[in-house]
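Colleague: After the sequence you'll find the predicted model.
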Amino acid sequence: MSRFWSGLRYRLGETPWARSLRIALRAPSAHNQVEHNIWNLYVEVFWAAILSAAAAFNATFAVRLGASNELVGRLSSIPALLAVFLLIPSARFLESHTKRAPWIWGSLFVARLGYGLIAVLPWVIPQAHQATALVWLLIAISIPSTFFGTGFNPLLADVVPERDRARVFANRNIIVGVMVAMLTFLAGKWLELASERNLMAFPGNFQVLYVVGFIGSMMSMIYLLKMRVPESKVIPREPHPRGKQLSLLHWRTQAGAFWAGNRSFVRIILNSLVFGFGDWLVGPLYIIFFVRHLNASDAWIGLNSTLANIGVIVGYALWRRWLTKLDYQRALLISIPLSALYPFLVSFFPHLSAILVWGVFINLVNPGVNLSHFNILLNLCPEERRASYIAAYSAIMNAGAFVGPMIGVALLNVLNIRWVLIIGGSIRLAGALLFYVFKVQMPKVEATR
């Protein structure tokens, strides 16, 4: 192995790219817990990306099965509504346990088992009800997925030190991007050729896709279970004084105290809610627009996802490097207005070839938003209450994600779909500008090493 790396260094030199590749592929030291965990986070996300590639066709599968616009809207809105009610109780439950990893991994296993059920759904459900059954099964999968998400982000912060987070998060997203870029292109080709050449008629071609995704997700579970997760601190909670639990004055006092002590956290919630709402408004409309209005094929959908993920790969590689020179807040202010442009571009230039370009562009920009915003959010959360803070943030975001698609679908009944895209883009741009008006102050931290 040392001879291999010597040859690689001779050919490429000790460039940052070569050094990153050498570190990423090096087996972890048995005595270095951080290195061991980072290695397993890289390998598990490699396998998990296979399921992500299959899941990229969820809405397409529903539309091909005959799902109505309203049903496609529910696929986005109802999981968000469920998350509103599940996130904070999930966080409180996890914060009451010192050993949280088994609960987190268990919920992920249940969610991924649901994708195995999708593969057999056309065999057990009458054809007339398959679209409805698929949407409700995906909604059911969102319940354990929400529980998993509540615990996984704080767990990442526990197992990856602050100095490594931007690097590790970027590398994980690059791995996902590479895998999903390749696999969605191949999946789109498979779906189209299998049907055209009678290799496997619809919906059998989609069933094969979900079987492969399910197998990849189970391989991912193996590496998650290998992680060494430290025990968490359990914070005793004071019981509510009798009679005050439902008191409006009590909750107003609590809210006022929270605002006074967490002003930046409240600001990031409000800014992010407006910014995200524009995206949630039009989120389910893209696939409707592409398939029903522009007649996009399965192969085009796969190619669109592939090119978008190439943008993600390059974007994370670039922004990870730029974050060594920019702090998180400056990176956010540079990237976030650009990330609001996609709905405008799709609406103003509604051509499938042009949309491929817009997808690459926006995914070059979005990693800058994701890396800076997520690290700012983590640093605004008290370490011992991180799960609850992130759950509260996510619950509010999911409330917006529930309402947004319903409004978008309702507007679709009275307006041209391109005007709805412009409305969503305008709201998103307004939310981006709020980060300039109501700036989020955070502790000074080292962005990356």
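Modeller: Here it is on my side, so go on.
Colleague: can you give me the offset of the longest helix seen in the chain from its chain's centre?
Modeller: Longest helix of the chain, by residue count under DSSP state H: helix 162-196. Distance of helix 162-196 from the chain centroid (Cα atoms, centre = their mean, to the nearest Å) equals 13 Å.
Colleague: residues of it that come out buried?
Modeller: 164-181, 183-185, 187-188, 190-192, 194-195 (16 or more other Cβ atoms under 10 Å). For the C-beta atoms, the positions are set from N, CA and C on the backbone; glycine is no exception.
Colleague: contacting residues around the next helix or strand after it?
Modeller: Using DSSP states H and E, the helix or strand that follows helix 162-196 in sequence is helix 204-225. Applying Cβ atoms under 8 Å, 6 or more residues apart in numbering, the contact partners of helix 204-225 are 40, 43-55, 57, 61, 64, 105, 108-109, 112, 115-116, 118-120, 122, 187, 190-191, 194-195, 199-200.
Colleague: Ala194 touches Met200, doesn't it?
Modeller: Yes. At 4.4 Å, Ala194 and Met200 qualify as touching, with contact defined as Cβ atoms under 8 Å.
Colleague: Give me the contacts around stretch 346-361.
Modeller: Residues contacting stretch 346-361 (Cβ under 8 Å, 6+ apart): 286, 289-290, 293-294, 296, 300, 303-304, 307-308, 310-311, 341-342, 345, 418-419, 421-422, 425.
Colleague: Kindly report the same for stretch 98-106.
Modeller: With Cβ under 8 Å, 6+ apart as the test, stretch 98-106 has contacts from 93-94, 97, 147-148, 151-152, 155, 221, 224-225, 227, 229, 231-234.
Colleague: For Pro382, grab phi and psi.
Modeller: In terms of degrees, to the nearest 10, the main-chain angles of Pro382 are phi -60, psi 140.
Colleague: Retrieve the pLDDT associated with it.
Modeller: Each residue has a pLDDT score; the one for Pro382 is 76.
Colleague: thought it was touching Tyr389?
Modeller: Yes. Here Pro382 lies in contact with Tyr389, judged by Cβ under 8 Å, at a distance of 6.8 Å.
Colleague: ok, these two, which is more surrounded?
Modeller: Taking other Cβ atoms under 10 Å, Pro382 and Tyr389 do not tie; Tyr389 has more neighbours (20 against 12).
Colleague: burial of the closest residue to the more buried one other than its chain neighbours, as a residue count?
Modeller: Distance criterion Cβ to Cβ, 6 or more residues apart in numbering; nearest residue to Tyr389, sequence neighbours excluded, is Cys381 at 3.9 Å. A count of nearby residues for Cys381, using other Cβ under 10 Å, gives 20.
Colleague: got it, and Phe374?
Modeller: Neighbours of Phe374 (other Cβ under 10 Å): 18.
Colleague: And Leu113, by the same measure?
Modeller: Quick note: Leu113 (other Cβ under 10 Å) scores 14 neighbours.
Colleague: Please name the residues that touch it.
Modeller: Contacts of Leu113 (Cβ under 8 Å, 6+ apart): none.
Colleague: Just say helix, strand or coil for it.
Modeller: Under DSSP: H, G, I helix; E, B strand; the rest coil, the three-state class of Leu113 is helix.
Colleague: Okay, it and Thr132: tell me how far apart.
Modeller: Going from Leu113 to Thr132 by Cβ to Cβ, to the nearest Å gives 21 Å.
Colleague: just Leu82 next, same as before
Modeller: According to Cβ to Cβ, Leu82 stands 17 Å off from Thr132.
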